[in-house]
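# Structure of the sequence below:
(chains A and B)
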Amino acid sequence: MISIAVAHGLILAAILFVLGLIGLLVRRNIVFILMSIEIMFNAAGVAFVLGGSRWMQADGQVMFIFILAVAAAELSIGLALILQIYQRTKTLDTNALSKMRG
Amino acid sequence: MEIAFYIAALVAIVSTIMVITRLHAVHALLYLILSLLAVAIIFFVIGAPFIAALEVIIYAGAIMVLFVFVVMMLNLGKAAVEQENQWLSAKSWLGPGIVAVILIAELLYILLSLQSARPEGTIIGPKEVGTSLFRVYIIGVELSAMLLLAGIVGAYHLGKRKKQTLHRFMTGEVE
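You can find the predicted model right below:
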């Protein structure tokens, strides 16, 4: 029915992952960093589903559901942390946060 | 069906590029939702309709709405946009950008040199996924349930505003 080369799907996943990585490295606003992490999660999910569809197994989709759960938990904690950081320092700059004496 | 895959892939890549270059957080979020919807189309095309529905409902629906709410609560103004503009100067992103482009070129070369076409596609529906999820991967379901519980407790604890006692009889929230 559909005959897309697996390589093309993997290339898409790789491009999305690298774009997320670039965003993570370049941006200094903590909200954008969290968004880039979501992009990378999603790219990993694309690779998993593609692998599952290549071998005609449901395992890839099961892994995507786990990725979804992990992303939801990570994002809720991350957003709560962002709110706390903003209330305390009135900025979202990660450089300003490095002045925290840990 | 093949053309749908390529168009959706193009939309996903372009909108992801827009996400990491926008200055305004809400614009970036809207592009991110667009990118997730494009990925959902890709899932549908490669024969995973259940995952496509989950991507739209949970990722683009629930998780991104949570993101939008928090960005609205932060209420970032024009000053934040100017600061971002200042940070996104060419000399700050050129170095990591070039290295990342080299990496992706290498990866593309490796992936293109291994040509393996997918066999005739079959659609893997919710039934197979559910059977596999609750039979083979039941321990994973339990572990992710514990993870989500920890997430709930952590988000509640972190999101709580600290009450400051000014006086014995004057208790009020800070800000």
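
# contact partners of the top helix by length along chain B?
Of all segments of type helix in chain B, defined using DSSP state H, the longest is helix B:90-113. For helix B:90-113, the surrounding residues in contact (C-beta atoms under 8 Å, 6 or more residues apart in numbering or on different chains) are A:7, A:10-11, A:14-15, A:18, A:21-22, A:25-26. Every residue, glycine included, has its C-beta placed from N, CA and C.

# Can you sort out which of the residues you listed also neighbour chain B?
Subset of these in contact with chain B: A:7, A:10-11, A:14-15, A:18, A:21-22, A:25-26, counting by C-beta under 8 Å from any C-beta of the partner chain.

# Mind checking which of those land in helices?
A:7, A:10-11, A:14-15, A:18, A:21-22, A:25-26.

# now, among those residues, which is nearest to B:Leu54?
A:Leu10 (21.1 Å; C-beta to C-beta).

# from memory the closest one sits against A:Val49, does it?
No: in this structure, A:Leu10 is not within contact of A:Val49 by C-beta atoms under 8 Å, at 11.4 Å.

# Spatially nearest residue to B:Ile46, not counting backbone neighbours?
Setting aside the residues directly before and after it, B:Ile46 is nearest to A:Ser53 in space (C-beta to C-beta, 6 or more residues apart in numbering or on different chains), at 4.8 Å.

# And the one you found, how far from A:Leu10?
12 Å (C-beta to C-beta, to the nearest Å).

# again, but for B:Leu107
From B:Leu107 to A:Leu10 the distance is 9 Å (C-beta to C-beta).

# what do you get for B:Ala38?
17 Å.

# What of B:Ile7?
Taking C-beta to C-beta as the measure, B:Ile7 falls 18 Å from A:Leu10.

# can you check B:Ile104 too?
Applying C-beta to C-beta, the value for B:Ile104 to A:Leu10 is 12 Å.

# if we can go back for a sec, what comes up buried for the longest helix of chain B?
B:93, B:100, B:104, B:107, B:111 (16 or more other C-beta atoms under 10 Å in any protein chain shown).

# Please render those residues as TSV that adds distance to B:Gln83 and pLDDT to the earlier fields.
Output for the buried residues of helix B:90-113, formatted as TSV (distance: C-beta to C-beta, whole Å; pLDDT from 0 to 100):
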residue	distance to B:Gln83	pLDDT
B:Trp93	15	73
B:Ala100	24	74
B:Ile104	29	79
B:Leu107	33	73
B:Leu111	38	74
